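K.L.:
Can you look at this prediction? I've put the sequence above it.
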Amino acid sequence: EVQLVESGGGLVQAGGSLRLSCAASGFPFDEYPIGWFRQAPGKEREGVSCISSSDGTTYYADSVKGRFTISSDNAKNTVYLQMNSLKPEDTATYYCATVFYEGSSCYPTDDWGQGTQVTVSS
């Protein structure tokens, strides 16, 4: 059974940093790319960043380029999202999911974590 468990969310002031973790189990970690998505109340879900742990291919949404960094630790079956220079508009519930790449973009499959809340105060 595929399991994805997010952690690391919280409340931070604008300009601050958080690191989210996505611990994966139930599938060959290095064979499936994983991505981070976020959804704020009343807004559509947005793809944030993805990584293919097999070859290091990454994707970033324009809104987070230069501020967020995605990485993976194959020994721990965990994907991280380092978020720096946080802005109030980054406030959302962040989810990790297994993804597939199509062109230069990544899209979620049906396997999702439960989400972790990130709140950035101004």
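P.N.:
Now that the structure is in, tell me what you want to look at.

K.L.:
Now do the SS call for the residue sitting nearest the centre point of the chain.
P.N.:
The geometric centre of the chain, computed from its C-alpha atoms, lies nearest to W36 (C-alpha atoms, centre = their mean), at 2.3 Å. Following DSSP: H, G, I helix; E, B strand; the rest coil, the label given to W36 is strand.

K.L.:
Do I have it right that it meets R19?
P.N.:
No: counting by C-beta atoms under 8 Å, R19 is not a contact partner of W36; they are 11.7 Å apart. To be clear about C-beta, it is placed using only N, CA and C from the backbone, and glycine gets the same treatment.

K.L.:
Could you tell me which residues touch both of these two?
P.N.:
L81 (C-beta atoms under 8 Å, 6 or more residues apart in numbering).

K.L.:
on that earlier part again, next, the contact list for the residue nearest to the centre of the chain, please.
P.N.:
Neighbour list for W36: 20, 22, 47-50, 70, 79, 81, 94-96 [criterion: C-beta under 8 Å, 6+ apart].
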